[in-house]
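Q: Here is a sequence together with a model predicted from it:
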Amino acid sequence: MFGLTALELARIQFGFTVSFHIVFPAITIGLASYLVVLEGLWLLKKNEVYRDLYRFWSAIFAVNFAMGVVSGLVMAYEFGTNWSFFSAFAGPITGPLLAYEVLTAFFLEAGFLGVALFGWNKVGPGLHFFATTMVALGTLISATWILASNSWMQTPQGFEIVDGRVVPVDWLKVIFNPSFPYRLAHMTIAAFLSTALFVGAAGAWHLLRGNDNPRVRKMYSMAMWMVLIAAPVQIVVGDAHGLNTLEHQPAKIAAMEGHWRNEPGAGVPLILFGVPDMEKEETRYAIAIPRLGSLILTHSLDGQFKGLSEFDARDRPNSLILFWSFRIMVGLGLLMLLLGVVGLLLRSKRRLFSQRLFLRFATLMGPSGLIALLAGWYTTEIGRQPWVVYGVMRTENAVSNHSALALSATLVVFVVVYFTVFGLGISYMLKLVGKGPVEGQHDNATPGGKTMRPARPLSAAPDDVDPIPG
(Lines give C-alpha, C1' and ligand atoms only; values in the text may rest on other atoms or scores of the structure.)
Protein backbone atom coordinates (compact mmCIF):
# COMPACT_ATOMS: atom_id res chain seq x y z
CA MET A 1 0.00 0.00 0.00
CA PHE A 2 1.62 3.24 -1.23
CA GLY A 3 5.01 1.49 -1.09
CA LEU A 4 4.92 1.21 2.72
CA THR A 5 6.53 -1.67 4.57
CA ALA A 6 4.71 -3.99 6.96
CA LEU A 7 6.41 -2.22 9.88
CA GLU A 8 5.26 1.20 8.70
CA LEU A 9 1.71 -0.05 8.14
CA ALA A 10 1.59 -1.65 11.59
CA ARG A 11 2.72 1.64 13.15
CA ILE A 12 0.15 3.61 11.15
CA GLN A 13 -2.60 1.19 12.12
CA PHE A 14 -1.79 1.39 15.82
CA GLY A 15 -1.38 5.17 15.59
CA PHE A 16 -4.78 5.46 13.91
CA THR A 17 -6.60 3.35 16.49
CA VAL A 18 -4.89 4.97 19.48
CA SER A 19 -5.68 8.43 18.06
CA PHE A 20 -9.37 7.61 18.15
CA HIS A 21 -9.17 5.91 21.53
CA ILE A 22 -7.23 8.53 23.48
CA VAL A 23 -9.87 11.20 22.81
CA PHE A 24 -12.55 9.28 24.69
CA PRO A 25 -10.62 8.51 27.91
CA ALA A 26 -9.47 12.13 28.06
CA ILE A 27 -13.06 13.39 28.03
CA THR A 28 -14.08 10.57 30.38
CA ILE A 29 -11.45 11.59 32.95
CA GLY A 30 -12.39 15.26 32.75
CA LEU A 31 -16.17 14.81 32.73
CA ALA A 32 -16.09 12.30 35.61
CA SER A 33 -14.31 14.80 37.85
CA TYR A 34 -16.60 17.57 36.59
CA LEU A 35 -19.63 15.49 37.62
CA VAL A 36 -18.15 15.09 41.11
CA VAL A 37 -17.79 18.87 41.39
CA LEU A 38 -21.32 19.47 40.12
CA GLU A 39 -22.92 17.00 42.50
CA GLY A 40 -20.79 18.20 45.40
CA LEU A 41 -21.90 21.78 44.79
CA TRP A 42 -25.52 20.66 44.54
CA LEU A 43 -25.28 18.88 47.89
CA LEU A 44 -23.55 21.90 49.44
CA LYS A 45 -25.65 24.72 48.01
CA LYS A 46 -28.93 22.92 47.19
CA ASN A 47 -29.01 24.81 43.90
CA GLU A 48 -30.90 22.80 41.27
CA VAL A 49 -28.76 24.34 38.51
CA TYR A 50 -25.92 22.01 39.49
CA ARG A 51 -28.17 18.95 39.52
CA ASP A 52 -29.56 19.80 36.08
CA LEU A 53 -26.02 20.23 34.76
CA TYR A 54 -25.04 16.89 36.29
CA ARG A 55 -27.87 15.12 34.49
CA PHE A 56 -27.09 16.89 31.22
CA TRP A 57 -23.38 16.08 31.22
CA SER A 58 -23.84 12.56 32.64
CA ALA A 59 -25.74 11.59 29.47
CA ILE A 60 -22.83 12.82 27.35
CA PHE A 61 -20.40 11.10 29.71
CA ALA A 62 -22.24 7.79 29.25
CA VAL A 63 -22.01 7.91 25.44
CA ASN A 64 -18.34 8.91 25.59
CA PHE A 65 -17.56 6.19 28.15
CA ALA A 66 -19.11 3.51 25.93
CA MET A 67 -17.05 4.60 22.92
CA GLY A 68 -13.90 4.64 25.02
CA VAL A 69 -14.44 1.05 26.18
CA VAL A 70 -15.09 -0.22 22.65
CA SER A 71 -12.10 1.56 21.11
CA GLY A 72 -9.83 0.36 23.92
CA LEU A 73 -10.69 -3.31 23.38
CA VAL A 74 -9.37 -3.15 19.82
CA MET A 75 -6.00 -1.88 20.98
CA ALA A 76 -5.63 -4.73 23.47
CA TYR A 77 -5.98 -7.23 20.63
CA GLU A 78 -3.49 -5.33 18.47
CA PHE A 79 -0.71 -6.05 20.95
CA GLY A 80 -1.14 -9.74 20.18
CA THR A 81 -1.87 -9.54 16.47
CA ASN A 82 0.49 -6.83 15.19
CA TRP A 83 3.08 -6.63 17.96
CA SER A 84 3.44 -10.23 19.10
CA PHE A 85 7.23 -10.09 19.52
CA PHE A 86 6.88 -7.04 21.74
CA SER A 87 4.23 -8.84 23.80
CA ALA A 88 6.45 -11.90 24.16
CA PHE A 89 9.44 -9.76 25.15
CA ALA A 90 7.84 -7.17 27.44
CA GLY A 91 4.69 -9.03 28.48
CA PRO A 92 5.98 -9.89 31.99
CA ILE A 93 5.88 -6.15 32.76
CA THR A 94 3.22 -4.62 30.50
CA GLY A 95 0.82 -7.53 31.00
CA PRO A 96 0.51 -7.20 34.80
CA LEU A 97 0.30 -3.40 34.60
CA LEU A 98 -2.64 -3.59 32.19
CA ALA A 99 -4.21 -6.34 34.31
CA TYR A 100 -3.96 -4.13 37.39
CA GLU A 101 -5.80 -1.43 35.44
CA VAL A 102 -8.68 -3.83 34.76
CA LEU A 103 -8.77 -5.26 38.29
CA THR A 104 -8.77 -1.86 39.98
CA ALA A 105 -9.96 0.94 37.74
CA PHE A 106 -12.30 -0.79 35.31
CA PHE A 107 -14.06 -2.85 37.98
CA LEU A 108 -14.40 0.27 40.14
CA GLU A 109 -15.91 2.22 37.26
CA ALA A 110 -18.20 -0.61 36.21
CA GLY A 111 -19.32 -1.27 39.77
CA PHE A 112 -20.48 2.28 40.46
CA LEU A 113 -21.33 3.56 36.97
CA GLY A 114 -24.86 2.16 37.06
CA VAL A 115 -25.58 3.84 40.40
CA ALA A 116 -24.20 7.17 39.15
CA LEU A 117 -26.23 7.08 35.93
CA PHE A 118 -29.48 5.49 37.11
CA GLY A 119 -29.52 5.74 40.89
CA TRP A 120 -30.93 9.22 41.51
CA ASN A 121 -34.32 7.82 42.58
CA LYS A 122 -32.99 4.58 44.05
CA VAL A 123 -30.30 5.57 46.56
CA GLY A 124 -29.78 8.49 48.89
CA PRO A 125 -27.87 11.64 47.87
CA GLY A 126 -24.80 10.70 49.91
CA LEU A 127 -24.50 7.23 48.38
CA HIS A 128 -25.09 8.62 44.90
CA PHE A 129 -22.32 11.18 45.40
CA PHE A 130 -20.04 8.38 46.64
CA ALA A 131 -20.78 6.40 43.46
CA THR A 132 -19.95 9.40 41.28
CA THR A 133 -16.72 9.92 43.19
CA MET A 134 -15.75 6.26 42.76
CA VAL A 135 -16.31 6.46 39.00
CA ALA A 136 -14.10 9.55 38.82
CA LEU A 137 -11.47 7.86 41.00
CA GLY A 138 -11.59 4.86 38.69
CA THR A 139 -10.81 6.99 35.65
CA LEU A 140 -7.77 8.47 37.41
CA ILE A 141 -6.55 5.05 38.56
CA SER A 142 -6.96 3.78 35.00
CA ALA A 143 -4.82 6.63 33.70
CA THR A 144 -2.21 5.86 36.37
CA TRP A 145 -1.73 2.23 35.32
CA ILE A 146 -1.80 2.95 31.58
CA LEU A 147 0.75 5.74 31.94
CA ALA A 148 2.91 3.60 34.20
CA SER A 149 3.11 1.05 31.40
CA ASN A 150 3.75 3.63 28.70
CA SER A 151 6.27 5.53 30.82
CA TRP A 152 8.19 2.32 31.47
CA MET A 153 8.48 1.87 27.70
CA GLN A 154 9.90 5.41 27.52
CA THR A 155 12.25 5.22 30.52
CA PRO A 156 12.59 1.54 31.45
CA GLN A 157 14.06 0.45 34.78
CA GLY A 158 13.56 -2.18 37.49
CA PHE A 159 14.03 -5.20 35.18
CA GLU A 160 16.50 -7.76 33.89
CA ILE A 161 16.58 -9.60 30.58
CA VAL A 162 16.47 -13.37 31.06
CA ASP A 163 16.27 -15.78 28.11
CA GLY A 164 15.27 -12.99 25.75
CA ARG A 165 12.45 -11.61 27.93
CA VAL A 166 12.27 -8.80 30.44
CA VAL A 167 11.76 -9.93 34.01
CA PRO A 168 10.67 -7.44 36.69
CA VAL A 169 13.02 -7.32 39.67
CA ASP A 170 11.66 -4.19 41.38
CA TRP A 171 8.03 -3.30 40.75
CA LEU A 172 8.33 0.06 42.50
CA LYS A 173 11.07 1.05 40.05
CA VAL A 174 9.04 -0.31 37.14
CA ILE A 175 5.96 1.72 38.08
CA PHE A 176 7.68 4.84 39.38
CA ASN A 177 10.15 5.09 36.52
CA PRO A 178 11.84 8.46 35.87
CA SER A 179 9.25 9.87 33.45
CA PHE A 180 6.09 8.50 35.12
CA PRO A 181 5.25 11.44 37.45
CA TYR A 182 5.63 13.97 34.64
CA ARG A 183 3.57 11.99 32.13
CA LEU A 184 0.82 11.31 34.64
CA ALA A 185 0.54 14.97 35.62
CA HIS A 186 0.79 16.18 32.02
CA MET A 187 -1.87 13.77 30.75
CA THR A 188 -4.29 14.33 33.64
CA ILE A 189 -4.14 18.11 33.31
CA ALA A 190 -4.52 17.73 29.53
CA ALA A 191 -7.73 15.74 30.14
CA PHE A 192 -9.08 18.43 32.50
CA LEU A 193 -8.16 21.18 30.02
CA SER A 194 -9.68 19.34 27.06
CA THR A 195 -12.92 18.83 28.97
CA ALA A 196 -13.03 22.44 30.19
CA LEU A 197 -12.58 23.69 26.63
CA PHE A 198 -15.28 21.29 25.41
CA VAL A 199 -17.72 22.40 28.11
CA GLY A 200 -16.80 26.06 27.61
CA ALA A 201 -17.33 25.81 23.85
CA ALA A 202 -20.75 24.25 24.43
CA GLY A 203 -21.71 27.10 26.73
CA ALA A 204 -20.38 29.77 24.38
CA TRP A 205 -22.19 28.20 21.43
CA HIS A 206 -25.51 28.24 23.30
CA LEU A 207 -24.98 31.84 24.37
CA LEU A 208 -24.30 32.86 20.76
CA ARG A 209 -27.57 31.19 19.74
CA GLY A 210 -29.49 33.13 22.38
CA ASN A 211 -29.95 30.16 24.71
CA ASP A 212 -29.04 32.27 27.73
CA ASN A 213 -30.15 30.66 30.98
CA PRO A 214 -28.55 30.08 34.41
CA ARG A 215 -27.46 26.53 33.51
CA VAL A 216 -25.64 27.57 30.34
CA ARG A 217 -24.04 30.50 32.13
CA LYS A 218 -22.90 28.34 35.02
CA MET A 219 -21.21 25.66 32.91
CA TYR A 220 -19.59 28.30 30.70
CA SER A 221 -18.33 30.25 33.73
CA MET A 222 -16.97 27.12 35.45
CA ALA A 223 -15.17 26.10 32.26
CA MET A 224 -13.48 29.49 31.92
CA TRP A 225 -12.28 29.30 35.52
CA MET A 226 -10.85 25.85 34.85
CA VAL A 227 -9.03 27.01 31.71
CA LEU A 228 -7.59 29.97 33.60
CA ILE A 229 -6.25 27.71 36.37
CA ALA A 230 -5.18 24.66 34.35
CA ALA A 231 -3.48 26.31 31.35
CA PRO A 232 -0.60 27.96 33.28
CA VAL A 233 -0.19 24.87 35.47
CA GLN A 234 0.09 22.74 32.32
CA ILE A 235 2.80 25.04 30.96
CA VAL A 236 4.84 24.63 34.15
CA VAL A 237 4.36 20.85 34.15
CA GLY A 238 5.25 20.73 30.46
CA ASP A 239 8.49 22.59 31.13
CA ALA A 240 9.41 20.08 33.87
CA HIS A 241 8.52 17.21 31.54
CA GLY A 242 10.78 18.69 28.87
CA LEU A 243 13.73 18.82 31.27
CA ASN A 244 13.09 15.20 32.24
CA THR A 245 12.99 14.22 28.57
CA LEU A 246 16.26 16.05 27.92
CA GLU A 247 17.87 13.95 30.64
CA HIS A 248 16.53 10.57 29.55
CA GLN A 249 15.70 10.94 25.82
CA PRO A 250 18.00 13.67 24.47
CA ALA A 251 17.52 12.63 20.83
CA LYS A 252 13.80 13.35 21.15
CA ILE A 253 14.49 16.87 22.40
CA ALA A 254 17.00 17.55 19.62
CA ALA A 255 14.44 16.41 17.03
CA MET A 256 11.66 18.50 18.61
CA GLU A 257 13.85 21.60 18.52
CA GLY A 258 15.22 20.99 15.02
CA HIS A 259 18.66 21.28 16.63
CA TRP A 260 21.45 19.53 14.70
CA ARG A 261 24.79 20.71 16.06
CA ASN A 262 26.28 23.08 18.64
CA GLU A 263 28.55 26.02 17.94
CA PRO A 264 31.43 26.31 20.43
CA GLY A 265 30.73 28.95 23.07
CA ALA A 266 27.29 29.81 21.68
CA GLY A 267 23.89 29.13 23.20
CA VAL A 268 21.21 27.16 21.35
CA PRO A 269 18.59 29.29 19.54
CA LEU A 270 14.88 28.55 19.74
CA ILE A 271 13.68 27.87 16.22
CA LEU A 272 10.14 29.19 15.85
CA PHE A 273 9.67 28.13 12.25
CA GLY A 274 11.61 25.83 9.97
CA VAL A 275 11.60 22.65 7.93
CA PRO A 276 13.95 19.99 9.35
CA ASP A 277 15.70 18.01 6.62
CA MET A 278 16.76 14.56 7.85
CA GLU A 279 19.02 13.87 4.85
CA LYS A 280 20.90 17.17 4.82
CA GLU A 281 20.95 17.35 8.64
CA GLU A 282 19.72 20.91 8.80
CA THR A 283 16.58 22.92 9.49
CA ARG A 284 15.81 24.95 6.38
CA TYR A 285 14.10 28.36 6.41
CA ALA A 286 14.75 28.63 10.15
CA ILE A 287 13.39 31.64 12.00
CA ALA A 288 15.07 31.60 15.40
CA ILE A 289 15.50 33.58 18.60
CA PRO A 290 19.17 33.43 19.71
CA ARG A 291 19.94 31.57 22.97
CA LEU A 292 16.29 31.12 23.93
CA GLY A 293 16.50 27.34 23.40
CA SER A 294 19.34 27.21 25.92
CA LEU A 295 17.38 29.33 28.39
CA ILE A 296 14.29 27.12 28.20
CA LEU A 297 16.02 23.74 28.30
CA THR A 298 19.10 24.42 30.41
CA HIS A 299 17.94 27.58 32.22
CA SER A 300 21.15 29.22 31.07
CA LEU A 301 21.84 31.53 28.11
CA ASP A 302 25.03 29.63 27.28
CA GLY A 303 23.84 26.10 28.04
CA GLN A 304 24.09 23.49 25.31
CA PHE A 305 22.54 20.09 24.69
CA LYS A 306 23.23 17.44 22.09
CA GLY A 307 22.30 18.13 18.49
CA LEU A 308 20.67 15.42 16.41
CA SER A 309 23.82 14.98 14.32
CA GLU A 310 25.59 13.64 17.40
CA PHE A 311 23.35 10.56 17.43
CA ASP A 312 23.77 7.59 15.12
CA ALA A 313 21.50 7.95 12.07
CA ARG A 314 19.70 4.71 13.05
CA ASP A 315 18.78 6.18 16.43
CA ARG A 316 17.26 9.45 15.25
CA PRO A 317 13.50 10.07 15.42
CA ASN A 318 11.85 11.95 12.57
CA SER A 319 12.60 15.61 13.27
CA LEU A 320 10.16 17.00 10.70
CA ILE A 321 7.13 15.38 12.37
CA LEU A 322 8.27 16.09 15.92
CA PHE A 323 9.20 19.69 15.20
CA TRP A 324 5.68 20.52 14.02
CA SER A 325 3.64 18.28 16.33
CA PHE A 326 5.41 19.89 19.29
CA ARG A 327 4.76 23.41 17.99
CA ILE A 328 1.09 22.66 17.40
CA MET A 329 0.80 21.52 21.02
CA VAL A 330 2.65 24.54 22.40
CA GLY A 331 0.87 27.02 20.13
CA LEU A 332 -2.54 25.74 21.19
CA GLY A 333 -1.42 25.81 24.81
CA LEU A 334 -0.59 29.50 24.51
CA LEU A 335 -4.00 30.15 22.96
CA MET A 336 -5.60 28.37 25.93
CA LEU A 337 -3.70 30.64 28.28
CA LEU A 338 -4.88 33.65 26.27
CA LEU A 339 -8.47 32.39 26.47
CA GLY A 340 -8.27 32.11 30.25
CA VAL A 341 -6.66 35.52 30.77
CA VAL A 342 -9.02 37.38 28.42
CA GLY A 343 -11.94 35.58 30.05
CA LEU A 344 -10.80 36.86 33.44
CA LEU A 345 -10.59 40.44 32.11
CA LEU A 346 -14.07 40.22 30.60
CA ARG A 347 -15.41 38.72 33.81
CA SER A 348 -14.05 41.70 35.76
CA LYS A 349 -15.90 44.01 33.34
CA ARG A 350 -19.09 41.88 33.53
CA ARG A 351 -18.90 41.11 29.81
CA LEU A 352 -17.97 37.43 29.95
CA PHE A 353 -21.43 36.30 28.78
CA SER A 354 -22.06 39.04 26.23
CA GLN A 355 -18.80 39.70 24.35
CA ARG A 356 -19.63 37.91 21.09
CA LEU A 357 -16.12 37.95 19.64
CA PHE A 358 -14.83 36.19 22.74
CA LEU A 359 -17.75 33.74 22.65
CA ARG A 360 -16.76 32.84 19.09
CA PHE A 361 -13.15 32.42 20.21
CA ALA A 362 -14.25 30.10 23.04
CA THR A 363 -16.39 28.09 20.60
CA LEU A 364 -13.54 27.69 18.13
CA MET A 365 -11.24 26.61 20.96
CA GLY A 366 -13.57 23.71 21.81
CA PRO A 367 -11.55 20.98 20.05
CA SER A 368 -8.16 22.60 20.74
CA GLY A 369 -7.52 20.61 23.91
CA LEU A 370 -7.99 17.30 22.11
CA ILE A 371 -5.90 18.44 19.13
CA ALA A 372 -3.11 19.51 21.49
CA LEU A 373 -3.40 16.21 23.34
CA LEU A 374 -3.03 14.26 20.09
CA ALA A 375 -0.10 16.43 19.00
CA GLY A 376 1.57 15.82 22.35
CA TRP A 377 0.94 12.10 22.10
CA TYR A 378 2.47 11.98 18.61
CA THR A 379 5.48 13.90 19.93
CA THR A 380 5.93 11.42 22.74
CA GLU A 381 5.46 8.23 20.74
CA ILE A 382 7.16 9.17 17.47
CA GLY A 383 9.99 10.72 19.48
CA ARG A 384 10.68 7.34 21.11
CA GLN A 385 11.47 5.81 17.72
CA PRO A 386 13.26 3.72 16.60
CA TRP A 387 12.68 2.05 19.98
CA VAL A 388 9.52 0.43 21.26
CA VAL A 389 11.18 0.04 24.68
CA TYR A 390 13.65 2.91 24.73
CA GLY A 391 17.24 1.70 24.45
CA VAL A 392 16.16 -1.92 24.97
CA MET A 393 14.03 -3.16 22.06
CA ARG A 394 13.80 -1.69 18.58
CA THR A 395 10.40 -1.27 16.95
CA GLU A 396 11.49 -3.29 13.93
CA ASN A 397 12.06 -6.27 16.23
CA ALA A 398 8.65 -5.93 17.90
CA VAL A 399 6.32 -6.23 14.91
CA SER A 400 4.61 -9.51 13.96
CA ASN A 401 5.45 -11.37 10.75
CA HIS A 402 2.53 -10.10 8.68
CA SER A 403 2.62 -9.16 5.03
CA ALA A 404 2.16 -5.62 3.86
CA LEU A 405 -0.95 -6.77 1.98
CA ALA A 406 -2.60 -8.13 5.14
CA LEU A 407 -1.84 -4.98 7.10
CA SER A 408 -3.05 -2.77 4.23
CA ALA A 409 -6.36 -4.61 4.09
CA THR A 410 -6.94 -4.45 7.83
CA LEU A 411 -5.95 -0.77 7.92
CA VAL A 412 -8.57 0.03 5.27
CA VAL A 413 -11.18 -1.90 7.28
CA PHE A 414 -10.23 -0.03 10.45
CA VAL A 415 -10.51 3.34 8.73
CA VAL A 416 -13.96 2.58 7.28
CA VAL A 417 -15.36 1.03 10.47
CA TYR A 418 -13.92 3.64 12.83
CA PHE A 419 -15.14 6.63 10.86
CA THR A 420 -18.56 5.02 10.52
CA VAL A 421 -19.08 3.78 14.08
CA PHE A 422 -17.32 6.49 16.03
CA GLY A 423 -18.38 9.16 13.56
CA LEU A 424 -21.99 8.32 14.37
CA GLY A 425 -21.19 8.17 18.08
CA ILE A 426 -19.49 11.56 18.08
CA SER A 427 -22.31 13.03 16.00
CA TYR A 428 -24.84 11.73 18.53
CA MET A 429 -22.82 13.13 21.42
CA LEU A 430 -22.64 16.55 19.75
CA LYS A 431 -26.40 16.48 19.21
CA LEU A 432 -26.82 15.89 22.94
CA VAL A 433 -24.59 18.90 23.57
CA GLY A 434 -26.63 20.91 21.07
CA LYS A 435 -29.84 20.35 23.04
CA GLY A 436 -28.38 22.21 26.00
CA PRO A 437 -29.19 21.84 29.70
CA VAL A 438 -32.75 22.61 30.78
CA GLU A 439 -34.56 22.91 34.07
CA GLY A 440 -35.55 19.53 35.48
CA GLN A 441 -33.12 17.71 33.17
CA HIS A 442 -34.29 14.28 31.92
CA ASP A 443 -33.34 11.54 34.41
CA ASN A 444 -34.56 8.31 32.71
CA ALA A 445 -37.07 7.56 35.45
CA THR A 446 -40.77 7.88 36.03
CA PRO A 447 -42.03 10.03 38.91
CA GLY A 448 -42.43 6.88 40.96
CA GLY A 449 -38.75 6.14 40.58
CA LYS A 450 -39.07 3.11 38.29
CA THR A 451 -37.05 3.26 35.15
CA MET A 452 -38.69 2.12 31.95
CA ARG A 453 -35.38 1.65 30.11
CA PRO A 454 -32.59 -0.93 30.30
CA ALA A 455 -29.84 0.15 32.69
CA ARG A 456 -26.90 0.29 30.33
CA PRO A 457 -24.58 3.28 29.75
CA LEU A 458 -26.10 4.43 26.45
CA SER A 459 -29.55 4.34 28.04
CA ALA A 460 -28.51 7.36 30.07
CA ALA A 461 -28.94 9.44 26.93
CA PRO A 462 -32.43 10.73 26.18
CA ASP A 463 -34.67 9.12 23.58
CA ASP A 464 -35.59 12.35 21.82
CA VAL A 465 -32.26 12.81 20.03
CA ASP A 466 -31.87 11.31 16.59
CA PRO A 467 -28.57 9.36 16.58
CA ILE A 468 -28.35 9.48 12.81
CA PRO A 469 -26.77 12.68 11.48
CA GLY A 470 -29.05 14.49 9.14
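A: Everything's here; your move.
Q: which ones are touching the nearest residue to Ala105 once chain neighbours are set aside?
A: In this structure, Ala105 finds its nearest non-sequential neighbour in Ser142, 3.5 Å apart by C-beta to C-beta, 6 or more residues apart in numbering. Where C-beta positions appear, they are placed from N, C-alpha and C, glycine not excepted. For Ser142, the contact set (C-beta atoms under 8 Å, 6 or more residues apart in numbering) comprises 25, 101, 105-106, 109.
Q: What distance do you get for Ser142 to Gly265?
A: Computed as C-beta to C-beta, to the nearest Å, the Ser142 to Gly265 distance reads 49 Å.
Q: next one: Phe192
A: Phe192 is 43 Å from Gly265, by C-beta to C-beta.
Q: what bits of this structure have low per-residue confidence?
A: For the chain, applying pLDDT under 70 flags the ranges 1-2, 440-470.
Q: which residues of the stretch 251-400 of the chain fall in strands?
A: For the stretch 251-400 of the chain, the strands defined by DSSP state E, counting those that start in this stretch cover 270-277, 282-289, 387-389, 393-394.
Q: Of the ones you listed, flag the one that's most buried.
A: Highest mean neighbour count among the strands of the stretch 251-400 of the chain (mean count of other C-beta atoms under 10 Å): strand 387-389, with a mean of 22.
Q: Name every strand pairing with it and say which way it goes.
A: For strand 387-389, the paired strands and their directions (DSSP bridges) are strand 393-394 (antiparallel).
Q: Please compute how far the following helix or strand past the partner strand lies from its chain's middle.
A: Tracing the chain C-terminally past strand 393-394 and defining elements by DSSP states H and E, one meets helix 404-435 next. The chain centroid and the centroid of helix 404-435 are separated by 18 Å under C-alpha atoms, centre = their mean, to the nearest Å.
Q: on that earlier part again, out of Phe192 and Gly265, which sits in the busier spot?
A: A direct count of neighbours by other C-beta atoms under 10 Å for Phe192 and Gly265 places Phe192 higher, at 23 against 7.
Q: Identify the residues contacting the more buried one.
A: Per C-beta under 8 Å, 6+ apart, neighbours of Phe192: 29-30, 33, 226, 230.
Q: Can you lay out these as TSV showing secondary structure?
A: TSV is the format used below for the contacts of Phe192 (DSSP: H, G, I helix; E, B strand; the rest coil):
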residue	secondary structure
Ile29	helix
Gly30	helix
Ser33	helix
Met226	helix
Ala230	helix
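Q: Mind giving me the ChimeraX command for buried ones among those?
A: Applying 16 or more other C-beta atoms under 10 Å to the contacts of Phe192, the buried members can be selected in ChimeraX as follows:
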select :29,30,33,226,230
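Q: follow-up on the earlier one: adding distance to Lys218, write the strands of the stretch 251-400 of the chain out as a markdown table.
A: Converted to a markdown table, the strands of the stretch 251-400 of the chain look like this (distance: least, C-beta to C-beta, whole Å):
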| stretch | distance to Lys218 |
| --- | --- |
| strand 270-277 | 39 |
| strand 282-289 | 42 |
| strand 387-389 | 46 |
| strand 393-394 | 50 |
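Q: how about stretch 12-27: buried residues?
A: 12-14, 17-18, 20-27.
Q: Between the residues you listed, which sits nearest Tyr77?
A: Thr17 (9.9 Å; C-beta to C-beta).
Q: Secondary structure of the closest one: a helix, I assume?
A: Yes: secondary structure of Thr17 (three-state DSSP): part of a helix.
Q: Correct me if wrong: it contacts Met75.
A: Yes: taking contacts as C-beta atoms under 8 Å, Thr17 lies within contact range of Met75: 5.6 Å.
Q: Which one of the contacts of Ser142 is nearest to Phe419?
A: So of the contacts of Ser142, ranked by how close each gets to Phe419 (C-beta to C-beta), first place is Pro25, at 19.3 Å.
Q: Give me the nearest residue to the closest one, chain neighbours excluded.
A: For Pro25, the spatially nearest residue (C-beta to C-beta, 6+ apart) is Gly68, at 5.1 Å.
Q: Phi, psi for Asn262 please.
A: phi -90, psi 150 (degrees, to the nearest 10).
Q: before we move on, back to that, quick one, which of the strands of the stretch 251-400 of the chain gets closest to Pro250.
A: Nearest of the strands of the stretch 251-400 of the chain (C-beta to C-beta): strand 387-389, 13.3 Å.
Q: got a list of contacts for the closest one?
A: Outside strand 387-389, the residues touching it (C-beta under 8 Å, 6+ apart) are 83, 86, 89-90, 152-153, 156, 166, 393-395, 397-398.
Q: Can you flag the buried ones in those residues?
A: Buried among those (16+ other C-beta under 10 Å): 83, 86, 89-90, 152-153, 156, 166, 393, 395, 398.
Q: With distance to Arg51 added, can I get the buried residues of stretch 12-27 in a markdown table?
A: Converted to a markdown table, the buried residues of stretch 12-27 look like this (distance: C-beta to C-beta, whole Å):
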| residue | distance to Arg51 |
| --- | --- |
| Ile12 | 45 |
| Gln13 | 44 |
| Phe14 | 42 |
| Thr17 | 37 |
| Val18 | 36 |
| Phe20 | 32 |
| His21 | 31 |
| Ile22 | 31 |
| Val23 | 28 |
| Phe24 | 25 |
| Pro25 | 26 |
| Ala26 | 25 |
| Ile27 | 21 |
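Q: among the residues you listed, which are in helices?
A: Applying DSSP state H to those, the entries found in helices are 12-14, 17-18, 20-27.
Q: Identify, from these, the entry nearest to Phe129.
A: Using C-beta to C-beta, these come closest to Phe129 at Ile27, 21.3 Å.
Q: For that closest one, list the residues it contacts.
A: 61, 64, 68, 191, 194-195, 198, 370.
Q: from those, which two are the most distant?
A: For these, and using C-beta to C-beta, no pair is farther apart than Phe61 and Leu370, which are 15.6 Å apart.
Q: any idea of the angle the helix or strand containing Ala185 forms with helix 404-435?
A: Assessed by DSSP H and E, Ala185 sits inside helix 180-208. Relative orientation of helix 180-208 versus helix 404-435 (axes from the mean of the first three to the mean of the last three C-alpha atoms, to 10 degrees): 50 degrees.
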